[in-house]
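Engineer: A predicted structure for the sequence below; I have some questions about it.
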Amino acid sequence: MSDLLDRITVNTQSSIRIESGRIWRFDPYVIEGEPHDADFVLITHAHFDHFSPDDLRKVLKEDTTVVMPESVIGKAGEAGFDTAGFIGVKPGDKLELGGAQVEVLYSYNTNKPNHLKEFGWVGYMLTLEGRRIYIAGDTDVIPEQDSLKCDIMMIPVGGTYTMDEREAAQLVNRLMPPVVIPIHYGTVINDPQTGERFAALVDPAVKVEFRLFR
């Protein structure tokens with residue numbers, strides 16, 4: 001089997017797909033066709049480019065496990081989903097799904113009003129094949145990241161609603177993960193070259209992998 005890194009794709013924005021025996025999707029958005037392939041779907045927050053009911057329906061199977069912040073469950077119900085089987089989470093929760101470990105992390109803005117801490121929106125740390133993958137959600141640089149340890153970091157770099165490329169690079173250079181994948185740019189916010197500008201600011205010891213606009 002190929003390296004786990006080769007089985008991580010981002011179709012746009014923060015719409016992530018990871019294949020590791022089962023299919024994991026995060027914030028499905030602008031999904032082509034109707035693959036109905038997800039064993040697990042994890043939503044970070046309620047904004048349209050992260051919780052997209054139409055795109056969620058495209059990836060669901062009969063037995064898909066759906067995880068989302070407790071504060072988003074009601075919105076899913078309003079969108080017509082039967083949420084009885086959905087798992088509502090908050091920062092600090094830990095789950096075991098399909099033999100994988102999922103830690104629910106804080107994700108919020110510090111200097112802008114779009115993602116307030118009190119909303120209870122989240123990021124995730126997913127441990128697969130012995131590697132820790134940080135899916136940050138829409139966040140600024142926050143104190144809760146200070147002790148983060150991961151093998152693959154997937155963080156927003158677009159600015160306006162999240163940290164920008166310079167702030168993101170400063171975080172990466174402080175935490176020094178082996179691999180970082182920039183996300184959340186080039187579609188809804190900022191331009192496709194944002195990833196390259198981010199990469200130029202990252203310590204050469206960190207491998208920058210592009211899954212958008214490659």
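Structural biologist: Perfect, I can see it now. Residues are numbered from 1 along each chain as shown.
Engineer: low pLDDT regions in the protein?
Structural biologist: Low-confidence regions of the chain, defined by pLDDT under 70, span residues 1, 190, 213-214.
Engineer: dump the residue contacts of the spatially most central residue of the chain.
Structural biologist: The centroid of the chain falls nearest to I135 when counting by Cα atoms, centre = their mean (3.7 Å). I135 makes contacts with S14, I16, F26, L42, T44, G123, Y124, M125, L126, M154, as judged by Cβ atoms under 8 Å, 6 or more residues apart in numbering. All C-beta spots, glycine's among them, are computed from the backbone N, C-alpha and C.
Engineer: any chance of the residues you listed in TSV with neighbour count as columns?
Structural biologist: Compiled in TSV, the contacts of I135 are given as follows (neighbours: other Cβ atoms under 10 Å):
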residue	neighbour count
S14	29
I16	24
F26	27
L42	27
T44	27
G123	28
Y124	24
M125	18
L126	25
M154	28
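Engineer: export those residues as a markdown table, with columns for secondary structure.
Structural biologist: Shown next, in a markdown table, are these (DSSP: H, G, I helix; E, B strand; the rest coil):
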| residue | secondary structure |
| --- | --- |
| S14 | coil |
| I16 | strand |
| F26 | strand |
| L42 | strand |
| T44 | coil |
| G123 | strand |
| Y124 | strand |
| M125 | strand |
| L126 | strand |
| M154 | strand |
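Engineer: and which of those residues is nearest P91?
Structural biologist: The nearest member of these to P91, counting by Cβ to Cβ, is G123 at 8.4 Å.
Engineer: what sits against that closest one?
Structural biologist: Applying Cβ under 8 Å, 6+ apart, we find G123 in contact with T44, V104, L105, Y106, S107, Y134, I135, A136, G137, T139.
Engineer: so what sits opposite the second one in the bridge?
Structural biologist: If I follow you right, that is V104. Y124 (DSSP bridges).
Engineer: ok, so what distance separates it from P113?
Structural biologist: V104 is 23 Å from P113, where distance means Cβ to Cβ, to the nearest Å.
Engineer: which of those two has more neighbours?
Structural biologist: V104 (21 against 7; other Cβ atoms under 10 Å).
Engineer: give the buried residues for stretch 2-14.
Structural biologist: L4, L5, R7, I8, V10, N11, T12, Q13, S14 (16 or more other Cβ atoms under 10 Å).
Engineer: and stretch 106-113, by the same measure?
Structural biologist: Y106, S107, Y108, N109.
Engineer: got JSON lines for those residues, with distance to I189 too?
Structural biologist: As requested, the buried residues of stretch 106-113 are exported to JSON lines (distance: Cβ to Cβ, whole Å):
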{"residue": "Y106", "distance to I189": "21"}
{"residue": "S107", "distance to I189": "16"}
{"residue": "Y108", "distance to I189": "17"}
{"residue": "N109", "distance to I189": "14"}
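Engineer: what about T187, how many residues nearby?
Structural biologist: For T187, using other Cβ under 10 Å, the count is 19.
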